[in-house]
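Chemist: Give the three-dimensional model of this entry:
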Amino acid sequence: MLKLKLVIVLLVATFITAFAQPERWQQRAEYEMDIEMNAKEHQFKGKQKLNYYNNSPDQLTKVFYHLYFNAFQPGSMMDVRSQTISDPDSRVRDRIGALKKKEIGYHEIISLTMDGEPCKYEVVGTILEVTLPTAISGNSQAIFEMEFKSQVPLQVRRSGRDNKEGIEFSMAQWYPKMCEYDYQGWHSNPYVGREFHGVWGDFDVSITMDKEYIIAGTGVLQNPQEIGYGYEAKGQEVKESGKKLTWHFKAENVHDFVWTADPDYTHTKIQVPDGPMVHFFYQPGTKTTKNWEILPEYTVKLFQYANRNFGKYPYSTYAVIQGGDGGMEYPMATLITGERKLRSLVGVTVHEVMHSWYQMILGSNEALYYWMDEGFTSYASSRVMASLYEANPEGIHAGSYSGYYYIAKSGIEEPLTTHADHFKTNTAYGIAAYSKGAVFLNQLEYIVGKSVFDHAMLEYYNTWKFKHPNENDVIRVFEKASGLELDWYKEYFVYTTKKIDYGVKSVARNKKKSRTDITLEKIGDMPMPLDIIVEYKDGSKELYYIPMVIMRGNKVAETRMIRKDLADWAWTNSTYTFTIDKKMVNVKSITIDPSNRMADVNDENNIWENDKATSGKEKGEKDK
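Modeler: Just a heads-up that it's a prediction; the model follows:
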């Protein structure tokens with residue numbers, strides 16, 4: 001009998017082990033790069049040493065690199081995509097197709113070895129497909145060494161030379177970058193102008209360039225004294241080559257590296273108390289100087305607010321850099337166009353800095369979970385802007401809700417599970433990423449209650465920083481913080497385009513004339529818990545709360561008003577009736593979701609007002 005029990009225990013243990021979710025390992029990459037720029041020809045030569053850690057249990061026989069500059073060639077997938085989509089990005093349109101030989105971008109791979117052995121490789125558009133000389137075993141590492149030559153394209157989208165404001169080099173997505181391999185496999189997506197996913201690691205980058213250029217970017221400059229710029233860092237000897245200087249940067253625990261160069265940059269900096277040194281690089285002029293001199297004081301307040309509410313920024317520096325084609329986030333830096341009015345300049349800085357939390361530290365796969373990047377950033381940016389400009393916190397996300405309502409009623413909405421590259425329209429993608437993603441969070445606050453929500457946001461940061469969280473990871477943090485089941489919310493709002501629509505169906509006298517029956521109806525396909533305010537003609541109010549069966553609990557109270565918790569509403573039931581202990585004649589109005597955080601696509605039926613009800617023996621009484 002004892003042996004039988006032992007066998008059963010072993011079988012159960014084996015079963016559990018076989019079906020248990022594996023730990024979420026993640027790869028690591030340590031880059032060393034030496035870059036020699038030929039600014040006149042807009043070209044550079046590069047040497048890259050990559051120490052690649054295969055922390056997966058899998059044996060890798062191939063690896064893949066992104067070659068983003070190859071997108072900026074006539075006939076590329078990005079070019080074709082832009083010219084065939086119904087609503088192309090105005091910054092791109094047919095510009096790639098019109099590039100001349102000296103204006104295109106490219107990466108030419110001269111040599112590539114792994115642990116000293118030559119690799120077979122093939123350039124396929126924006127992806128370098130590499131067959132390894134020997135497999136990289138699970139939980140081991142390999143050293144890749146590459147020589148390459150590149151041409152910087154005329155600035156079209158994000159990266160390139162000579163942007164519209166005259167910045168010479170905006171070097172984003174500029175180097176051969178190892179694709180990410182994770183629990184979902186390889187992510188070697190061709191670049192069509194959308195989103196990114198990168199391997200966590202360290203960067204040690206030396207850039208040799210004509211001495212009149214000022215370089216800004218990711219990381220900490222290692223040789224500021226010799227270069228002659230006021231960074232805070234330990235100095236190292238500068239390599240001089242004729243009329244060139246070498247700028248040496250290091251960045252630890254990031255998943256990308258960006259830099260810019262221009263001879264006309266003005267550089268200022270400001271220290272955030274208990275935070276990073278923030279550097280600013282811009283071309284002085286009548287359209288920039290005044291506002292860029294004011295921008296630092298807003299940026300300090302931005303970091304202080306974000307540190308308190310979303311988690312402490314972990315790096316020692318950050319750079320706000322004029323460059324690019326609008327606003328684009330990178331680790332420890334952002335590229336923004338700088339000829340803006342002050343509020344616009346502050347707004348774009350806030351948004352891009354907040355990406356430091358929602359993408360640069362919480363490194364979700366942007367191609368799959370773009371809304372966890374752009375949407376969460378939009379949500380946080382609205383809160384920061386309200387703080388900076390002392391705005392009423394109510395309604396600060398109205399723009400996000402407006403965008404969501406537009407797409408929800410347009411007929412072109414696609415679920416948030418759609419890969420960023422494969423949306424049918426840029427409009428549907430943009431609103432899904434920015435607006436619906438922000439609504440996801442603010443509506444989640446409505447579901448779990450504000451105090452729990454604020455706590456969970458910090459828990460999300462502390463649990464998943466320097467990792468690659470997905471949508472289920474977010475939900476699980478909020479489930480643990482609230483004690484509620486929230487899988488239904490993810491499955492409806494993320495996996496489908498089903499909509500929320502609740503209404504007050506009827507208000508009638510109860511059989512006991514001193515009481516009133518209120519019947520609500522679920523018109524939309526997505527269920528939600530409900531807050532209802534009943535206001536009486538004497539000015540008093542009562543708050544009622546209807547949870548759902550599938551939540552397995554109630555949210556915490558959010559106000560000092562006494563809340564009356566009602567029985568659960570089963571999502572299968574289209575109507576729900578509850579009774580209040582007041583005569584109907586004394587009721588002034590009934591309001592579903594008075595905080596307006598629920599994304600109800602038709603708010604016209606959310607309020608019942610007694611003086612506007614159908615006439616009868618008593619106002620609002622329905623014929624029996």
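Chemist: In the stretch 51-200 of the chain, mark out all the strands, start to finish.
Modeler: With strands called from DSSP state E, counting those that start in this stretch, the stretch 51-200 of the chain shows them at 60-66, 106-114, 117-118, 120-124, 127-136, 140-151, 160-161, 169-171, 177-178, 180-182, 185-187.
Chemist: what do you get for the stretch 251-400 of the chain?
Modeler: Under DSSP E, counting those that start in this stretch, the stretch 251-400 of the chain gives strands at 259-262, 266-271, 277-282, 317-322, 327-330, 333-336.
Chemist: Tell me who's in contact with the residue nearest to the spatial centre of the chain.
Modeler: When CA atoms, centre = their mean is applied to the chain, the residue found nearest the centroid is residue 373 (0.7 Å). Residue 373 is in contact with 195, 355, 358-359, 364, 366, 433, 437, counting by CB atoms under 8 Å, 6 or more residues apart in numbering. C-betas here are computed from N, CA, C, even on glycine.
Chemist: Show me how to select, in ChimeraX, the buried members of the residues you listed.
Modeler: Buried members of the contacts of residue 373, defined by 16 or more other CB atoms under 10 Å, are picked up in ChimeraX with:
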select :195,355,358,359,364,366,433,437
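Chemist: so what are the domain limits for the protein?
Modeler: The chain breaks down into these domains under automatic domain parsing: 23-199, 376-493, 502-612.
Chemist: so which of those comes closest to residue 271?
Modeler: Within those, the stretch nearest residue 271 is domain 376-493; the backing value is 18.6 Å (CB to CB).
Chemist: Leaving out the residues flanking it, which one is nearest to residue 154?
Modeler: In this structure, residue 154 finds its nearest non-sequential neighbour in residue 103, 4.1 Å apart by CB to CB, 6 or more residues apart in numbering.
Chemist: Give me the pLDDT value at the one you found.
Modeler: Residue 103 carries a pLDDT value of 98.
Chemist: So it sits against residue 156, correct?
Modeler: No - the pair residue 103 / residue 156 is not scored as a contact, 9.1 Å apart, by CB atoms under 8 Å.
Chemist: Compare those two and say which is more crowded by neighbours.
Modeler: Neighbour totals were compared for residue 103 and residue 156, and residue 156 leads with 26 against 21 (other CB atoms under 10 Å).
Chemist: follow-up on the earlier one: now the domains of the chain in a markdown table, with distance to residue 331?
Modeler: Converted to a markdown table, the domains of the chain look like this (distance: least, CB to CB, whole Å):
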| stretch | distance to residue 331 |
| --- | --- |
| domain 23-199 | 9 |
| domain 376-493 | 11 |
| domain 502-612 | 32 |
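Chemist: Wait, residue 376 touches residue 356, no?
Modeler: No - look at residue 376 against residue 356 with CB under 8 Å: they stay out of range, at 11.9 Å.
Chemist: Would you work out how far apart the start and end of stretch 429-445 are?
Modeler: 24 Å (CA to CA, to the nearest Å).
Chemist: What mean pLDDT does it get?
Modeler: In the prediction, stretch 429-445 has an average pLDDT of 98.
Chemist: which phi and psi does the residue nearest to residue 154 have?
Modeler: Residue 103 adopts backbone torsions of phi -110, psi -10, taken as degrees, to the nearest 10.
Chemist: now it: how far from residue 97?
Modeler: Applying CB to CB, to the nearest Å, the value for residue 103 to residue 97 is 11 Å.
Chemist: now residue 433
Modeler: Taking CB to CB as the measure, residue 433 falls 26 Å from residue 97.
Chemist: How about residue 140?
Modeler: Distance of residue 140 to residue 97, given as CB to CB: 44 Å.
Chemist: ok, now residue 199?
Modeler: Going from residue 199 to residue 97 by CB to CB gives 32 Å.
Chemist: Which one's more surrounded, the two?
Modeler: For residue 199 versus residue 97, neighbours defined as other CB under 10 Å are more numerous around residue 199 (24 against 15).
Chemist: Mind pulling up the pLDDT for the more buried one?
Modeler: At residue 199, the model reports a pLDDT of 98.
Chemist: And residue 13, by the same measure?
Modeler: Looking at residue 13, its pLDDT reads 40.
Chemist: do the same with residue 159
Modeler: So residue 159 comes in at 97 (pLDDT).
Chemist: How about it, nearest residue that isn't a chain neighbour?
Modeler: Setting aside the residues directly before and after it, residue 159 is nearest to residue 172 in space (CB to CB, 6+ apart), at 4.0 Å.
Chemist: again with residue 542
Modeler: Using CB to CB, 6+ apart, the closest residue to residue 542 is residue 534 (4.7 Å).
Chemist: Show me what the strand or helix carrying the one you found is packed against.
Modeler: Under the criterion of DSSP states H and E, residue 534 resides in strand 530-536. Here strand 530-536 touches strand 516-522, strand 541-546, strand 587-592, going by 3 or more CB pairs under 8 Å, 6 or more residues apart in numbering; DSSP states H and E.
Chemist: Among the ones you listed, which comes closest to residue 334?
Modeler: Of all those, it is strand 587-592 that lies closest to residue 334, at 40.4 Å by CB to CB.
Chemist: pLDDT averaged over that closest one - what is it?
Modeler: Average pLDDT, strand 587-592: 98.
Chemist: which residue ranges form the helices in the stretch 451-600 of the chain?
Modeler: Applying DSSP state H, counting those that start in this stretch to the stretch 451-600 of the chain gives helices spanning 471-482, 487-493.
Chemist: coming back round to it: and among the strands of the stretch 251-400 of the chain, the most buried is which?
Modeler: The highest mean neighbour count among these, using mean count of other CB atoms under 10 Å, belongs to strand 333-336: a mean of 27.
Chemist: hang on, isn't residue 514 packed against residue 584?
Modeler: No - in this structure, residue 514 is not within contact of residue 584 by CB under 8 Å, at 9.9 Å.
Chemist: Neighbour count: the two, which is higher?
Modeler: When residue 514 and residue 584 are compared for neighbours, residue 584 comes out ahead with 22 against 11, by other CB under 10 Å.
Chemist: which residues sit in contact with the nearest residue to that one once chain neighbours are set aside?
Modeler: Counting by CB to CB, 6+ apart, the nearest residue to residue 584 once its immediate chain neighbours are dropped is residue 516, at 4.3 Å. Neighbour list for residue 516: 507-510, 579-580, 582-584, 587 [criterion: CB under 8 Å, 6+ apart].
Chemist: Among these, which lie within strands?
Modeler: 507-509, 579-580, 587 (DSSP state E).
Chemist: could you flag which of the residues you listed are buried?
Modeler: Buried, going by 16+ other CB under 10 Å: 507-509, 580, 587, out of these.
Chemist: got JSON lines for these, with distance to residue 329 too?
Modeler: Output for these, formatted as JSON lines (distance: CB to CB, whole Å):
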{"residue": "507", "distance to residue 329": "50"}
{"residue": "508", "distance to residue 329": "55"}
{"residue": "509", "distance to residue 329": "58"}
{"residue": "580", "distance to residue 329": "50"}
{"residue": "587", "distance to residue 329": "50"}
